[in-house]
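J.: no letters, just coordinates:
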């Protein structure tokens with residue numbers, strides 16, 4: 001059984017990341033995700049409202065809000081763990097394509 005908090009972290013991080021990408025890049029990323037994660041990734045997506053522009057603070061705050069602003073969860077570390085997980089699921093080239101659309105401060109979260 002999957003941990004509820006881990007699932008919420010994956011869901012929130014992936015959906016917020018998706019909304020920061022162009023439609024083409026979001027679908028390229030989605031095509032490489034495992035089927036169960038892909039379903040979560042596309043849930044409630046409105047491509048007409050993307051891409052959105054966020055800085056690291058806003059990105060992390062949105063993930064934290066998705067987790068219910070739980071004071072026991074460190075949101076930056078949570079995002080980094082999701083990005084680490086993704087490194088094992090998508091190609092390095094796709095990671096670079098995604099990072100190319102992100103602000104520098106968010107790109108650095110992939111590199112830890």
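T.: Received the coordinates, thanks. No experiment lies behind these values; they were computed from the predicted model shown. Numbers count the residues shown, from 1 in each chain.
J.: quick one: which helix or strand includes the nearest residue to residue 10 once chain neighbours are set aside?
T.: Beyond its immediate neighbours in the sequence, the residue positioned closest to residue 10 (Cβ to Cβ, 6 or more residues apart in numbering) is residue 82, lying 5.6 Å away. For the C-beta atoms, the positions are set from N, CA and C on the backbone; glycine is no exception. In the assignment (DSSP states H and E), residue 82 maps to helix 75-87.
J.: now find how far off-centre that helix is within its chain.
T.: Average the C-alpha atoms of helix 75-87, do the same for its chain, and the two points are 8 Å apart (Cα atoms, centre = their mean, to the nearest Å).
J.: helices or strands up against that helix?
T.: The helices and strands touching helix 75-87, judged by 3 or more Cβ pairs under 8 Å, 6 or more residues apart in numbering; DSSP states H and E, are helix 4-20, helix 56-66, helix 104-110.
J.: circling back to that earlier point, was I right about the residue nearest to residue 10 contacting residue 15?
T.: No. Counting by Cβ atoms under 8 Å, no contact exists between residue 82 and residue 15, whose distance comes to 10.9 Å.
J.: enumerate every residue touching residue 55.
T.: With contacts taken as Cβ atoms under 8 Å, 6 or more residues apart in numbering, residue 55 has the following neighbours: 103, 105-106.
J.: now for the residue most central in space within the chain: which residues touch it?
T.: Among the residues of the chain, the one closest to the centroid is residue 14, at 2.9 Å (Cα atoms, centre = their mean). Contact criterion Cβ under 8 Å, 6+ apart gives 33, 37, 40-41, 82 as the residues in contact with residue 14.
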